[in-house]
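Peer 1: take this sequence and fold it.
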Amino acid sequence: MISSILICFMLVFVLNNTQAQINENKEKLFFDVGKRFSISVYGTYLSSFELQNDVRSSDPIKRAAVLELKGGYGYGAEFNYKPQVFDFDLIFFVSTEYIKSTDKELIFRLQNNDTDGANVRMEETVQMIPFEAGVKWQLPVGSNSFKIFMGGGAGIYFGDRTRKIGSFETTTLDKIPGYSVNILAGIDVYIARNISLTGMLKFREGYWDVQNKFEVDAFTVDGITYPIENPFYSRLIADGVRLSLGLKYNF
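Peer 2: Below is the predicted model of the structure:
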């Protein structure tokens, strides 16, 4: 009886060790801790933009007024480097992306000195290309096949915008890039050796200024002519939440 019990305990011990070794080997198959570089490509969604239509106005109320614009979709890429720095699990990154948004449900108010004014439909198309860099920290949770990280950084933001009213469309005369800091959080889920699905949330207020010009200096509605400011400066602000989802390869 005692021998049978001892044999059972030995079998349980061996099976547990074997299963633990199998699980450990499975995790090692997904991620090689010796890999220091990674590159990811992803699709992105930005929830909203803001438009400051009179950013250079002498009137502080007009200068601070903002118009909410729809968000947009795009794509991007990120390069990561994980140095061996006291096992802090720090990851340095540089990234860029392209996002485009078109909002066709806007109203532009025309006014002159003799009438109450008129409303016309306006279309805004926004394009943004940021270049960002920063650092991420892998949280001490998860496993070799599941990583959680958070971090932040800063970037420079380039962009353009086009305004369309009726058959008239603006041309761009000048573009001035802006700056912003950002914070982020995300996850990596490994689906094959050194290949993972990667998702990220990023918060920022990147901006850039644009000077645009219409071909005409006035619009005529119902026989009434309304002069417009032309050319004009505007500021675009990418203040929405950015969500990205893509693939990452470690090498």
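
Peer 1: in the sheet, who's paired with residue 97?
Peer 2: Beta-bridge partners recorded for residue 97 (DSSP bridges): residue 76.

Peer 1: tell me how many other residues crowd it.
Peer 2: 21 (other C-beta atoms under 10 Å). (Glycine included, C-beta is placed from N, CA and C.)

Peer 1: so which residues of the stretch 51-200 of the chain form helices?
Peer 2: Ranges of helices in the stretch 51-200 of the chain, per DSSP state H, counting those that start in this stretch, are 60-64.

Peer 1: so where's it shaky on pLDDT?
Peer 2: 86-87, 114-115, 142 (pLDDT under 70).

Peer 1: quick one: the strands in it?
Peer 2: With DSSP state E, counting those that start in this stretch as the criterion, the stretch 51-200 of the chain has strands at 67-81, 90-110, 118-138, 146-165, 168-169, 171-192, 195-204.

Peer 1: could you dump the ones you listed to a markdown table with distance to residue 211?
Peer 2: Below are the strands of the stretch 51-200 of the chain laid out as a markdown table (distance: least, C-beta to C-beta, whole Å):
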| stretch | distance to residue 211 |
| --- | --- |
| strand 67-81 | 17 |
| strand 90-110 | 18 |
| strand 118-138 | 15 |
| strand 146-165 | 10 |
| strand 168-169 | 15 |
| strand 171-192 | 4 |
| strand 195-204 | 23 |
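
Peer 1: residue 233 is nearest to which of the ones you listed?
Peer 2: strand 171-192 (8.1 Å; C-beta to C-beta).

Peer 1: give the partner strands of that closest one in its sheet and their orientations.
Peer 2: When DSSP bridges is applied, strand 171-192 pairs with strand 146-165 (antiparallel), strand 195-204 (antiparallel), strand 206-213 (antiparallel).

Peer 1: what's across from residue 180 in the sheet?
Peer 2: Beta-bridge partners, per DSSP bridges, of residue 180: residue 155.

Peer 1: still on that earlier bit, would you turn the strands paired with strand 171-192 into TSV with distance to residue 135 and mean neighbour count?
Peer 2: Shown next, in TSV, are these (distance: least, C-beta to C-beta, whole Å; neighbours: other C-beta atoms under 10 Å):
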stretch	distance to residue 135	mean neighbour count
strand 146-165	5	18
strand 195-204	14	19
strand 206-213	18	20
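
Peer 1: of all those, which lies closest to residue 47?
Peer 2: Once the strands paired with strand 171-192 are compared by C-beta to C-beta, strand 195-204 is nearest, at 10.3 Å.

Peer 1: list the contacts of the closest one.
Peer 2: 40, 42, 147, 155, 180-191, 238-239, 241-250 (C-beta atoms under 8 Å, 6 or more residues apart in numbering).

Peer 1: dump it to PDB, restricted to CA.
Peer 2: The C-alpha coordinates for strand 195-204 follow below in PDB (Å, rounded to 0.1, in the frame of the first residue of the first chain):
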ATOM      1  CA  ILE A 195       4.900  37.900 -34.200                       C
ATOM      2  CA  SER A 196       2.100  39.500 -32.200                       C
ATOM      3  CA  LEU A 197      -1.100  41.400 -32.600                       C
ATOM      4  CA  THR A 198      -0.600  44.800 -31.200                       C
ATOM      5  CA  GLY A 199      -3.200  47.300 -30.100                       C
ATOM      6  CA  MET A 200      -2.800  50.800 -28.700                       C
ATOM      7  CA  LEU A 201      -4.700  53.800 -27.300                       C
ATOM      8  CA  LYS A 202      -3.000  57.200 -27.600                       C
ATOM      9  CA  PHE A 203      -4.000  60.600 -26.300                       C
ATOM     10  CA  ARG A 204      -2.600  63.900 -27.700                       C
END
